[in-house]
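Asker: The following block contains a protein sequence and its predicted model.
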Amino acid sequence: MWQRVPHLEDCRVTETIAGLYMSPLELLALLSAVALVVARWLPSAARARVAITAVAVLVPSAIALSVAGVRWQMLPVLAGAAVMIPFTLSPLLRRRAGRPARRARWWLALPGSVACLGLTATGPVAAWAFPVPAFPEPSGRFAVGTRVMQWTDPRRPEAFTTDPHDRRTVVIQLWYPAQKSAAGAQRARYLGRTEQEARTVSDALARQVGLPGFLFDGVPRARTHAVFDAPVAGGDERFPVVLFSPGSGGVRTQNTAWAEELASHGYVVVALDHPYDSAAVVLADGRTIRTRTHSTGDRDKDNKLAAGWTAVRAADLRFVLTRLATAAGDGDAGPLTGRLDTGRAAVTGHSMGGAAALQAARRDRRFDAVIDLDGYPHGPTTPSLHQPALALAQATTASTDPHYAPRLTQALERNTATSYRLTVPGAAHLTFMDGPLYLPPVPSITGSLGRTGSPHVVAATTLAFLDTTLRHTPGDLAGTLAAHGRLSVYSPKPGSAGRHETRSGRRGSRPTTAGVPPRPAFPEP
């Protein structure tokens, strides 16, 4: 099966075999390398034809890859081929020159052939483990546009610097319903506006988890489905707004698959970079601000630090909502001027961003709904929430933080509006972001829902929740959520609040009322 994914350095869209994550050019090089190994063991009549054909295909493929940019996954393939070429061609050349061909005996050649074949096989395995992200095609009726903006809050000093004149600046990226672009329109890069920004952010993310940057060299190559500054969708419809805060050390684009899916269904998703917290934030003037938030290893100290960082993020979210409301009317929203409906707004976040979303909702009633994607609720638990809330979490394990479940339960039970907690079987902490699209599919890291299953679950559940809370679309929200896991519903009661209903819709899901540890989101340390 073929699917279109962004791949090469020259940013052209090429064909890739689903599940293998190799371009046709890389596949030709791989097959040629294998043919060189196999040729040694073919009958003499076929040996020469196979070897010459393999070399004739391999050499131009290798040259083309070097021009486009060789991924590290292809290096063992090319190395194995380079070792085999002289051993395969030498007997043929000697025979052509009229000299007797000399071939090593089979018991001497076999170890070398096996070694070269093993080296060549490393390439597709590595490409499978660390692919170029292939973003799911958005399922809504709208195409998707995107835009990056930078705003400074003149009333708020920057908490992470000592300069008294430094004011808090945030970078935001919007994904919005757009008109369909021409077939050849350039798609937005995944991690940045430019190749340099994408590589800067990718390297910073790798450093966050202590891995060499080259392992993720496919990530900055990726193209999404959105088009920068595309014309907004026709008509005069005003679109609800969904603000998003990434995990600690995360970046504004870490949930792009989710953002594009929501935008295709008529929402404007606004994701924030939090300077000095996000792994790397490239400002409009070219400066790069790197993270200064690091844990100490002392639980009490780290809880206090996390509460402070969460408060800064919550203030960022509230500031952005205010600026969006102003920009929607004064022309500062670009193609979205007059099309943003900030009167219908939700606040969301992953990991620490989820905690920030809860805090922002507590302090600001302009938010009509709140979504916490596997986030430990740092910071104060008062005042109570007054908005419908959805919390998505992974299943309880032996390493679950015992403090998580009581804190989350307390927040949801005290809510004066209905709250939902969905425990997704097979999920891991990184299931709720783009990680499954480009990280090794190890269940303890990305969950067991698969590269496409993970974004589908997150999008389907949050979209149903937003349709109900922001658009008041009729339907069985609890039933839709329960189809994806273990659902607990907390409904307000006169004078108190408590659990109203517990439902499980997925076979194999186990009832649980516990949560997950506050493990950091990729790429948190």
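Answerer: All right, it came through fine. Everything numeric here is computed off the predicted structure, so don't read it as measured data.
Asker: in the biggest helix by length in the chain, what counts as buried?
Answerer: With residue count as the measure and DSSP state H as the assignment, the chain has helix 299-330 as its longest helix. For helix 299-330, the buried set under the neighbour-count rule, 16 or more other C-beta atoms under 10 Å, comprises 305-306, 309-321, 323-325, 327-328. Bear in mind the C-beta positions are built from the backbone N, C-alpha and C, glycine included.
Asker: elements contacting that helix?
Answerer: On a contact count with 3 or more C-beta pairs under 8 Å, 6 or more residues apart in numbering; DSSP states H and E, helix 299-330 meets strand 143-157, strand 167-178, strand 239-245, strand 268-273, strand 340-350, helix 352-363.
Asker: how many neighbours does A82 have?
Answerer: The tally of other residues near A82 (other C-beta atoms under 10 Å) stands at 14.
Asker: Show me the shaky parts of the stretch 51-200 of the chain.
Answerer: Applying pLDDT under 70 to the stretch 51-200 of the chain flags residues 90-107.
Asker: repeat that for 90
Answerer: Along the stretch 51-200 of the chain, the parts satisfying pLDDT under 90 run over 51-52, 66-69, 81, 83-113, 183-184.
Asker: care to break this structure down by domain?
Answerer: According to the domain assignment given by automatic domain parsing, the chain is divided into the following structural domains: 2-129, 143-504.
Asker: Compare these and give me the one nearest P136.
Answerer: Counting by C-beta to C-beta, P136 lies closest to domain 143-504 out of the domains of the chain; the figure is 5.6 Å.
Asker: Turn the domains of the chain into JSON lines, columns for distance to P136.
Answerer: Conversion of these to JSON lines gives the following (distance: least, C-beta to C-beta, whole Å):
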{"stretch": "domain 2-129", "distance to P136": "10"}
{"stretch": "domain 143-504", "distance to P136": "6"}
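Asker: Which of these has the highest mean neighbour count?
Answerer: With neighbours defined as mean count of other C-beta atoms under 10 Å, the domains of the chain peak in mean count at domain 143-504, which reaches a mean of 20.
Asker: So what's the gap between that one and the chain middle?
Answerer: Remark: domain 143-504 is offset 11 Å from the chain centroid, using C-alpha atoms, centre = their mean, to the nearest Å.
Asker: from here on, count from 49
Answerer: Yes, from this point I'll number from 49; that puts the last item at domain 191-552.
Asker: tilt between the longest helix of the chain and strand 287-293?
Answerer: Inter-element angle recorded for helix 347-378 and strand 287-293: 150 degrees (by axes from the mean of the first three to the mean of the last three C-alpha atoms, to 10 degrees).
Asker: What angle do strand 388-398 and helix 347-378 make with each other?
Answerer: Between helix 347-378 and strand 388-398, the angle comes out at 160 degrees (the same axes, to 10 degrees).
Asker: what about helix 347-378, average pLDDT?
Answerer: Mean pLDDT, taken over the full extent of helix 347-378, equals 92.
Asker: how near is the closest residue to R534 other than its chain neighbours to G423?
Answerer: Distances taken as C-beta to C-beta, 6 or more residues apart in numbering put T471 closest to R534, at 4.2 Å, once the chain neighbours are dropped. The spacing between T471 and G423, counted by C-beta to C-beta, to the nearest Å, is 14 Å.
Asker: circling back to that earlier point, including distance to P279, could the helices and strands packed on helix 347-378 go into TSV?
Answerer: Putting these into TSV (distance: least, C-beta to C-beta, whole Å) gives the following:
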stretch	distance to P279
strand 191-205	7
strand 215-226	6
strand 287-293	14
strand 316-321	14
strand 388-398	15
helix 400-411	30
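Asker: Which one, of those, ends up nearest to A254?
Answerer: Of all the helices and strands packed on helix 347-378, it is strand 316-321 that lies closest to A254, at 17.4 Å by C-beta to C-beta.
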